[in-house]
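A.B. asks: Provided below are the primary sequence and the corresponding predicted coordinates.
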Amino acid sequence: MRQVTAKPKALTNAPFHYCPGCTHGIIHRLLAETLDEFGLTENAIGIASVGCSVFAYDYFNCDMQQAAHGRAPAVATGIKRVRPQNFVFTYQGDGDLGSIGIGETIHAANRGENITIIFVNNAVYGMTGGQMAPTTLLGQKSSTTPTGRSIGEHGYPLPVSELLQALPGAAYVARTTVTSPSQIRITKRALAQAFQAQIQGRGLGLVEILSTCPVNWHMDPVEALTFINEEMVAQFPLGVFKDFDEEVARDGK
Amino acid sequence: MRQVTAKPKALTNAPFHYCPGCTHGIIHRLLAETLDEFGLTENAIGIASVGCSVFAYDYFNCDMQQAAHGRAPAVATGIKRVRPQNFVFTYQGDGDLGSIGIGETIHAANRGENITIIFVNNAVYGMTGGQMAPTTLLGQKSSTTPTGRSIGEHGYPLPVSELLQALPGAAYVARTTVTSPSQIRITKRALAQAFQAQIQGRGLGLVEILSTCPVNWHMDPVEALTFINEEMVAQFPLGVFKDFDEEVARDGK
Amino acid sequence: MENSVLIAGFGGQGVLFTGRVLAEAGLLLGHEVTWYPSYGPEQRGGTCNCSVVIGDEPIGSPVIDAPDYLLVLNQPSWARFAPTAKANGRIIYNENIVKPDAGPIAAGKVPIKATRLAGKAGDERVANMVLLGALLRSLESITMAAAKEALRDLISPKYADLLEIDLDCLDLGYAKAAV
Amino acid sequence: MENSVLIAGFGGQGVLFTGRVLAEAGLLLGHEVTWYPSYGPEQRGGTCNCSVVIGDEPIGSPVIDAPDYLLVLNQPSWARFAPTAKANGRIIYNENIVKPDAGPIAAGKVPIKATRLAGKAGDERVANMVLLGALLRSLESITMAAAKEALRDLISPKYADLLEIDLDCLDLGYAKAAV
Amino acid sequence: MTTNAAKLMKGNEAIAEAAIRAGCQAYFGYPITPQNEIPDYMAKWLPKAGGVFLQAESELAAINMVYGAAGAGSRVMTSSSSPGISLMQEGLSYIACAELPCVVINMVRSGPGLGGILPAQSDYFQAVKGGGHGDYKLLVLAPATVQEAVDITYASFQLAEKYRNPVMILGDGLLGQMMESVTLPKVESPPSPPDWATTGRQKGKPRIINSLYIEGDVMEKRNQHIFAKYAHMAEDEVRFEKYHTDGARLLVAAYGSTARIAKTAIDRARAEGIPVGLFRPISLYPFPNDALRKAAAEARVVLTLEMSMGQMVDDVRLSLEGRVPVVFYGRTGGVVPTPKEILKELHRVWENRA
Amino acid sequence: MTTNAAKLMKGNEAIAEAAIRAGCQAYFGYPITPQNEIPDYMAKWLPKAGGVFLQAESELAAINMVYGAAGAGSRVMTSSSSPGISLMQEGLSYIACAELPCVVINMVRSGPGLGGILPAQSDYFQAVKGGGHGDYKLLVLAPATVQEAVDITYASFQLAEKYRNPVMILGDGLLGQMMESVTLPKVESPPSPPDWATTGRQKGKPRIINSLYIEGDVMEKRNQHIFAKYAHMAEDEVRFEKYHTDGARLLVAAYGSTARIAKTAIDRARAEGIPVGLFRPISLYPFPNDALRKAAAEARVVLTLEMSMGQMVDDVRLSLEGRVPVVFYGRTGGVVPTPKEILKELHRVWENRA
Amino acid sequence: MRIKGRVDVEPELCKGCGLCVAFCPRKVLALADEVNSKGYRIVAQVKPEECNGCTICAQMCPDIALTVWRSGRSKEAV
Amino acid sequence: MRIKGRVDVEPELCKGCGLCVAFCPRKVLALADEVNSKGYRIVAQVKPEECNGCTICAQMCPDIALTVWRSGRSKEAV
Ligand SMILES: Cc1ncc(C[n+]2csc(CCOP(=O)(O)OP(=O)(O)O)c2C)c(N)n1
Ligand SMILES: Cc1ncc(C[n+]2csc(CCOP(=O)(O)OP(=O)(O)O)c2C)c(N)n1
Ligand code: SF4
Ligand code: SF4
Ligand code: SF4
Ligand code: SF4
């Protein structure tokens, strides 16, 4: 028999600290596989943000910086501007990117920074114990929306990909999920195209990945995947919102 | 003879400190007229932001707060949440709202705060002496883009109204200018409709007004109006981007 | 009199809850009490522990350097805490899970087959209550009645069906603990 | 020896530039110099002033409390600064614009018809250079030659066509100033 | 919730409940460990008490919402922990200058940087010297027990209003996470908005909330005015606890959690015959200079204990002006000193006294 | 630009030019008065020297861009003024903990709040005590002349790299706006990225720039490690100027702009026979404790002068430990004290000496 | 009868920006040589008889330095 | 011949989340009673003979606890 799955080389040997069934782990693996496939691990500089994925610097086998909460795109900008020869990516949650850091995100996109953002949208603040995120669904309960998110009090789930669509500096924007092997493949294609945006100097690439937080959603990991497919996707439709290379997008390649 | 023009009651007697020909003054007058017409001067709480219009608290004849740079929408939120019975507006420049404060702007809009934002876009930082603003046009010179704004280095002019369009909490968004008596009339109608959004509890109303900065554009005031009509409008098309009350918008009423 | 109790195990073993029951029982009895949790770096799961101090005077430190009583629910916690227990203290541990290593431990060891006893009572997951029951045998300041009342107050509706098993486990542990 | 010169007027009257010329001339002559601007609260227009200190030793304060020489370009500046000039100092002012009020001013007054003279030289707007010329008559540490060289160095290409008029104005002011 | 029965509460939740009972009308904040129980509790209970809970998009937004709501005459608070408090520095400076009352809670965690989530006292300087720009001070209070946290929180709103100045409650992860028995105070109604607040001018003159004073002399007067208030605070608001300080030859100075841990060690040391006492500043600004000087009158040496690399020790030295040697012992980075190690330190200092 | 001729330059522009000559590779900043000439100058000249100029969307973004670029091994700086520096406090705390070298310039303006744009020294505490959260320090240098601003700026990059710590240059609007003659230093090339910087690991091990240490004892070691560097700084980087301190019976302590103005007053007072001298700390952290103690050896009284309500005076008192009475005179809010009023104060203090 | 108008200029408010001058459809206004106490050249009426009170100048004036009067036909009576 | 597969479980990495169990099309896997040193129940192969090496379990595993092996027909020779 031959081995047909293996840990990507772009990951270290450190076991993930994520909760059981949390799809942060799947996304890490996909990102690492993409780094491997592009041969970028030795060149890349990654940025871990503040959220459950804060320890990403221990997992990715490339140079890493840990950024202040919400500021990963600014940190990435600082790096990319002085080292345009490096591949620079950030890995951010919805609290980090969408709440405290939306300004840095929009400005990095608007400047057309040649960086790649992996945006993990799990509709909740995982690390701090399940508070409302800007992407929390209407009606969804969280520790700071104990009776469920309501429009009048908390406003609308923030549509990050739709927002970035309006910015010419955003070269590639897609929303995917990892709730099945086929979704996983779509996510990997999106990552590859976001990488291309940076490699070709087309501007900012962002992949918004709908991800689970079984613990704070108070669901078992399998239920959590169903929640994404049935509830989250209705609020956050999947798809490519922007592609610098429309052709490629239409081929579905 | 009878007097056919008069200073609105919603303005104090303090003379404006703006540079000669700066259209901040016209916008102040229009806003004050609108406050008068809605009978809101005694009820309103206005927020002056950091920029040339920082002294707005001396000009408007209503209660005023001066907010930290970029944070006017947060200050407005704080006020409106504890005093929903008051009419709350902010007056902000493009540096204030579009650069340092874009996060607060987007979140206030996304929450659907019932506040009204007067957004004066003059494509430059006036108060600090003519640095690049997020809305500076491509090719436009400023003290921090001495050879003109370029996509590669500085990115794209930030389309604030287009951005807010994506947010369900933004009830009314329009872009106008004050370069002629007819444009002035359109601006007043937009202000009235933005006021209605708040009064009717529909969510955030924002009027982006293209305005001159003759001094930092190094133009005389009349040339500056031409610059808006010929250059700025090409980058920032005028119009209503969002109207909670589509009917009214179509009538042009 | 001041007694300090450290309870240590995995995240899912009810470590913090056991401490809460103990502290609440102390309060019911009019004692001064403090309860202080401590988590490992893991997100969920992983080790955690909690410190409960019970006394008659206002309590200085809620952090325990050398516990009078140590409840050990898993192996890593033995390694970490058993050596810190006071020489005249007691280590009560779940011998279905924890194998005391040969190191120089000064405190008295109280092995309890907590998982097995809990399983017999109806649910292996409430081994923590067996250990708490065992503790009450030697911790004189807290009565079984108070502990049971505290448990009734604190148990969440979600686990209400476990209450009877929990109460049984307290008694089982108490019965098994050699004083 | 240390001399302090305060120049005050409206924003558009070339106040800061006049000070720059003076300071630059001081540098050309090997003096220690400081130049310090001060703006009013207005955005553009409004009053402004600048302080120039010229000396042989490193200069302590670039801020002048009591100027040796005061150049007054508009009426509000008279009211504000004339009383601060040193008793043995000189106030050189544009008498086409400034009417000295009757207050107790200790310093010597040097009225110059600067606007008129500048107009005669070719442009009323460079009255500031007339006043600077007048200053040079009494400010011994700065030579006319140095001032002219400084002016040539500093004038922006945009105003290059004014250079000759500026130079004439310096001479006119110098000639008119009673020493 | 009943008013009088003692109950076991987590520090964070007790603080939140105390604020609600003090008539807090609005809370704006952003989650951060180890104080998340405060916003979580507020989200659940403040609206039921008729108040406003809003999770802000950031600490920056939160403190500016506080500014707005305080300026509009509401009783208002926020809470955070170290990095979040750093983000509030500009806003705090504005609030102090604009003279707006509000309550800010910092449950300090280890720093600098992202640091860790364990308890620390390393934000003392930021809290008492003014972490933001310009001349201003916060009124800073540091409780050591959950009950004291409740009492101080309850009192802090009125203090903030009395001085029209932000009050900071400086706790730490230990105090926030531990449970202890508390008796809760009675529910108070908030006052109606004061006469300087922006509430819509109606028939009156416009009211302005502002911190911009472009003329130097006007700004200077503003500074002097707020410092005159601080001088009043120094007279009226100094708080401290003395524990066996009479006749103490070894005086320990410590605040907050460290002080309560020190007590355990001091009890042990006194049992051994060491004449040691504890001086615990409760108001960190205004600092109890005079009281400390008096408490140290017979001391041969003063040992300052902190969960930091040494911060309050500066204020201890400034109080004592060289009259008594001042030494320092600290743990930091999230390490909480144990009574045992403090006892060891007491021995060391006592044996090496001059 | 030629290297050696003296020329008249504005403080802000001279600082910018000095940074470029020191091999600064990147500038990230956001406009604010009274330091706009720095970004304006950088925008024009830094790209011509091969460096990166980027106007950030805010001070928050700017300091985090600095973090990124410094972490990637570039010589990098930012500049701002008081409110903008307050917004950088979280970032500075991260940078100090992650041990990244960078230069931060604060041209202080009057505060608190929006304050005004006139010169002030009221950010001393923020600069030297740590405005951000956690135990850390900046190396803080305060020039008094434009030439010194140039020299200090030039040196600060290497100091930052030597200690892997941010260096703050604390100026004010006066120094930034005034022109004075300067001789510029020669152009230096930046070094290649150090071996800890994230530049793509190539065949090596991954490098990590980080400030998160979740275990207390690890974080504590980090704290002790950075404080060991500060102890080294205190040995090697103390800077100060003495002016007629030998035999001075009245010692003035002042820094930056205030010190240079004080000199004029001191000259006048000495001419009148008052035995007054000036001690000017140039490094505010590390503070020149020993040197000040020595300079004050014969003093009957020490007068601290600041453009604030009194901040450095604390460090003066901490240095002198009660050996000499320390009095304070300050103007604030943007008011710059005149030599005349300082002279009056010298008289007053001298006549009332104990 | 032609509608007649009149403009009052408040000289201390005028900043001489020239917007009214540029927009007045009847060329009533021009910048004068006169300078106000703030140093701004101010606007003057060079053809006051031409004014029809259309208010365009006042609408374009950023500093509310102009007040317009009109001899109305019908409305005046109201 | 049917493709045969095999899965190796790294017990110390498994957190017992059950995603592989839910997704395995051939019901090869199930959660065991066994607990690893971190206290997590781990996955076990209840029908190992059914495994066809499709890798779905490994794709869904967030913790890279599974390694899949396959007896390939053609590719194995390559
Ligand atoms: C300035 C600051 N504010 C708040 C925090 C606390 N904090 C840590 S993680 C987090 C939110 C994380 O949520 P998200 O970005 O959605 O990531 P997730 O944990 O869900 O993966 C917050 C608020 C912090 N560390 N720093
Ligand atoms: C935190 C902070 N950063 C920077 C500044 C300096 N500042 C004052 S106004 C301004 C920009 C103003 O530009 P804009 O908002 O476009 O208004 P305008 O002056 O053009 O009307 C800046 C950066 C400040 N006061 N506070
Ligand atoms: S808290 Fe949620 S997001 Fe974080 S590791 Fe656990 S499941 Fe994943
Ligand atoms: S009212 Fe009309 S016609 Fe009269 S001056 Fe003004 S613009 Fe000209
Ligand atoms: S528009 Fe107003 S300010 Fe401008 S010139 Fe006319 S009257 Fe004067
Ligand atoms: S490889 Fe496929 S068949 Fe085998 S266990 Fe995994 S999912 Fe099941």
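C.D. replies: Ah, there it is. Ligands and ions are numbered 1, 2, ... in the order given.

A.B. asks: Pull the contacting residues for residue 136.
C.D. replies: Looking at chain A here, since you left the chain open. Applying C-beta atoms under 8 Å, 6 or more residues apart in numbering or on different chains to A:T136 gives the contacts A:A123, A:V124, A:S142, A:T145, A:R149, A:H154, A:P157. For glycine as for every other residue, the C-beta is placed from the backbone atoms N, C-alpha and C.

A.B. asks: meant chain C, my bad for not saying
C.D. replies: C:I142, C:T143, C:M144, C:A147, C:L170, C:G173, C:Y174.

A.B. asks: who wins for most neighbours among the residues you listed?
C.D. replies: Highest neighbour count within the contacts of C:L136, by other C-beta atoms under 10 Å in any protein chain shown: C:G173, with 28 neighbours.

A.B. asks: ok, and the closest non-adjacent residue to residue 70?
C.D. replies: All of this refers to chain A. In this structure, A:G70 finds its nearest non-sequential neighbour in A:G101, 2.7 Å apart by C-beta to C-beta, 6 or more residues apart in numbering or on different chains.

A.B. asks: looking at chain G here, not the other one
C.D. replies: Closest to G:R70 by C-beta to C-beta, 6+ apart is G:G53, at 3.1 Å.

A.B. asks: Get me the contact residues on chain G for ligand 5.
C.D. replies: Residues of chain G lying near ligand 5 by C-beta under 6 Å from any ligand atom: G:9, G:14-20, G:43, G:60-61, G:63, G:65-66.

A.B. asks: show me which of these neighbour chain A.
C.D. replies: Subset of those in contact with chain A: empty, counting by C-beta under 8 Å from any C-beta of the partner chain.

A.B. asks: Can you tell me which of these end up in helices?
C.D. replies: With helices taken from DSSP state H, the overlap with the residues of chain G next to ligand 5 comprises G:L19, G:C20, G:M60.

A.B. asks: Which of these lies at the shortest distance from B:A170?
C.D. replies: For these, the minimum distance to B:A170 (C-beta to C-beta) is 30.4 Å, reached by G:M60.

A.B. asks: returning to that earlier point: E:I20: which of the contacts of A:T136 is nearest?
C.D. replies: Lowest distance from E:I20 to those (C-beta to C-beta) belongs to A:T145, with 18.1 Å.

A.B. asks: For beta bridges, what are the partners of that closest one?
C.D. replies: Assessed by DSSP bridges, A:T145 has beta-bridge partners A:S142.

A.B. asks: right, and it touches E:A43 too?
C.D. replies: Yes - counting by C-beta atoms under 8 Å, E:A43 is a contact partner of A:T145 at 6.8 Å.

A.B. asks: got the residues of chain G next to ligand 5 as a markdown table, with distance to E:A70, pLDDT and neighbour count columns?
C.D. replies: Shown next, in a markdown table, are the residues of chain G next to ligand 5 (distance: C-beta to C-beta, whole Å; pLDDT from 0 to 100; neighbours: other C-beta atoms under 10 Å in any protein chain shown):
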| residue | distance to E:A70 | pLDDT | neighbour count |
| --- | --- | --- | --- |
| G:V9 | 44 | 97 | 19 |
| G:C14 | 40 | 97 | 24 |
| G:K15 | 37 | 95 | 28 |
| G:G16 | 43 | 95 | 22 |
| G:C17 | 40 | 97 | 30 |
| G:G18 | 45 | 97 | 19 |
| G:L19 | 41 | 98 | 30 |
| G:C20 | 43 | 98 | 25 |
| G:V43 | 45 | 96 | 28 |
| G:M60 | 40 | 98 | 28 |
| G:C61 | 38 | 98 | 28 |
| G:D63 | 34 | 98 | 25 |
| G:A65 | 38 | 98 | 27 |
| G:L66 | 41 | 98 | 22 |
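
A.B. asks: All the helices of chain E, residue numbers only.
C.D. replies: For chain E, the helices defined by DSSP H occupy E:11-21, E:37-45, E:59-71, E:82-87, E:89-98, E:124-125, E:146-163, E:173-177, E:216-236, E:256-271, E:289-295, E:312-320, E:339-351.

A.B. asks: Indicate which one of those helices is closest to chain A.
C.D. replies: Chain A sits nearest to helix E:37-45 of all these, at 4.2 Å, using C-beta to the nearest C-beta.

A.B. asks: Tell me if that closest one is near chain B.
C.D. replies: No - with C-beta under 8 Å from any C-beta as the criterion, chain B is not reached by helix E:37-45; the gap is at least 13.4 Å.

A.B. asks: low-confidence ranges in chain E?
C.D. replies: Across chain E, the ranges flagged by pLDDT under 70 are E:1-4.

A.B. asks: what about the residue of it found nearest ligand 5, distance to D:G46?
C.D. replies: In chain E, the residue that lies nearest ligand 5 is E:I214 (22.7 Å; C-beta to the nearest ligand atom). Distance of E:I214 to D:G46, given as C-beta to C-beta, to the nearest Å: 11 Å.

A.B. asks: same thing with C:R152?
C.D. replies: Note on C:R152: its distance to D:G46, by C-beta to C-beta, is 77 Å.

A.B. asks: Looking at the two, which one has more neighbours?
C.D. replies: Ranked by neighbour count (other C-beta under 10 Å), C:R152 and D:G46 place D:G46 first, with 18 against 13.

A.B. asks: Surely the more buried one touches D:G9?
C.D. replies: No - the pair D:G46 / D:G9 is not scored as a contact, 10.5 Å apart, by C-beta under 8 Å.

A.B. asks: what is in contact with those two at once?
C.D. replies: Residues touching both D:G46 and D:G9 by C-beta under 8 Å, 6+ apart: G:G39.
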